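Visitor: I would like the atomic coordinates for the input below:
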Amino acid sequence: MVRSAMRPSQIILTAMAITLAGCSAPGDPQAGGADNAASGAVGAGTVSAGGGAPAPDASLDPESANAASSPITTAASSDRTPLSCAADIGTAAAERLAKTCRNVSPATRPPCNVANSCAIMQDEIARSCALFDGKGEPMAGCGPDPKGMEAAANVVKRYYAALNARDYDTAWRQWGNDGPPNQSLDRFRAGFADTRSTQVTIGRLTPGDAGAGSVYQTIPVKVDAVLADGSHQRFAGSYVVRRVNDIDGSTADQRRWHIDSARLKAAQ
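Guide: Sure thing, here's the model as predicted:
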């Protein structure tokens, strides 16, 4: 669904592999602009959002999509105006998320504001927590293992949550500093014009692989897309997310997980 001017449903059906040339993720996001995305729990779960993207060589066992956590299903609106975090999850919950974001972020102008999307704050938290060197306990708000496979799965959840909240900039940047290969933010945003909502279920995770200075994690998914006319299209496949190993000189953006490639195929 990315890397093309086609609509998401068309792109998903191509089941093309997408591989990023680089491994960096976004730099310091700026405060401002009200965007949104629901907070996805780690592990197996479901997040609704507009559209979906493909992922690489990984089989999906339909039985592996366990129910370790309750599905998260927030319907996307036909209104294309970005949704604030306060409007999405409530002011109190949004304030707690913003506080965590401010506590962990080293940025001078972190986007830790309830008027912004939940997704952009979660993105800043993930970027900040990627600095954890594995010694001692990670900062409060970073989870038990900021570099583990559940943190990797959260990239896919955050991607769909951002799309669901129409925070296309944050969704685009889940692919890395320059977004999906050969696709501008405007083309990426236009690709979701005919998608009303998409429900994504994360399957069972297994340990990833390491090689050439990077760590890779496969995230099996099932997708149920609802188009503008109310019809459904279902897909199964996987994403591969990647991060640079903790090597000297690597930045927080390089050490954080980002989507590296994706492949989905039509399913019943």
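
Visitor: grab the nearest non-local neighbour of P106.
Guide: S128 (6.2 Å; Cβ to Cβ, 6 or more residues apart in numbering). Heads up, the C-betas are built off the backbone N, CA and C, glycines and all.

Visitor: phi and psi next, for that neighbour.
Guide: phi -70, psi -40 (degrees, to the nearest 10).

Visitor: from F235, how far out is it?
Guide: 33 Å (Cβ to Cβ, to the nearest Å).

Visitor: just L83 next, same as before
Guide: Counting by Cβ to Cβ, the gap from L83 to F235 is 25 Å.

Visitor: hmm, back to that, is the residue nearest to P106 in contact with T251, as I believe?
Guide: No - contact criterion Cβ atoms under 8 Å: S128 and T251 do not qualify, at 11.9 Å.

Visitor: counting neighbours, go ahead and name the busier of those two.
Guide: Taking neighbours as other Cβ atoms under 10 Å, S128 and T251 compare with S128 leading, 23 against 14.

Visitor: now do that one against N103, distance only.
Guide: S128 is 9 Å from N103, by Cβ to Cβ.

Visitor: what is in contact with these two at once?
Guide: M139 (Cβ atoms under 8 Å, 6 or more residues apart in numbering).

Visitor: any idea which helix or strand carries the spatially most central residue of the chain?
Guide: With distances taken as Cα atoms, centre = their mean, Y159 lies nearest the centre of the chain, 2.5 Å away. Using DSSP states H and E, Y159 sits within helix 149-164.

Visitor: which elements pack onto that helix?
Guide: Applying 3 or more Cβ pairs under 8 Å, 6 or more residues apart in numbering; DSSP states H and E, one finds that helix 149-164 makes contact with strand 46-49, helix 118-129, helix 168-173, strand 195-202, strand 214-227, strand 232-244, strand 258-266.

Visitor: now these as CSV including mean pLDDT?
Guide: What follows is those, written out as CSV (pLDDT from 0 to 100):
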stretch, mean pLDDT
strand 46-49, 46
helix 118-129, 93
helix 168-173, 94
strand 195-202, 84
strand 214-227, 92
strand 232-244, 93
strand 258-266, 92
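
Visitor: can you put the ones you listed in TSV and add distance to G141?
Guide: TSV is the format used below for the helices and strands packed on helix 149-164 (distance: least, Cβ to Cβ, whole Å):
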stretch	distance to G141
strand 46-49	20
helix 118-129	6
helix 168-173	18
strand 195-202	21
strand 214-227	21
strand 232-244	19
strand 258-266	20
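
Visitor: can you tell me which of those is nearest to F188?
Guide: helix 168-173 (5.0 Å; Cβ to Cβ).

Visitor: quick one: buried residues of the closest one?
Guide: For helix 168-173, a neighbour-count test (16 or more other Cβ atoms under 10 Å) marks Y168, D169, T170, A171, W172, R173 as buried.

Visitor: CSV for these, including distance to P110?
Guide: What follows is the buried residues of helix 168-173, written out as CSV (distance: Cβ to Cβ, whole Å):
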residue, distance to P110
Y168, 20
D169, 15
T170, 14
A171, 19
W172, 19
R173, 15
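
Visitor: which single one of these is nearest to N116?
Guide: T170 (9.1 Å).

Visitor: G136 is nearest to which of the helices and strands packed on helix 149-164?
Guide: Here helix 118-129 is closest among the helices and strands packed on helix 149-164 (Cβ to Cβ), at 13.4 Å.

Visitor: no further queries at this time; thank you.
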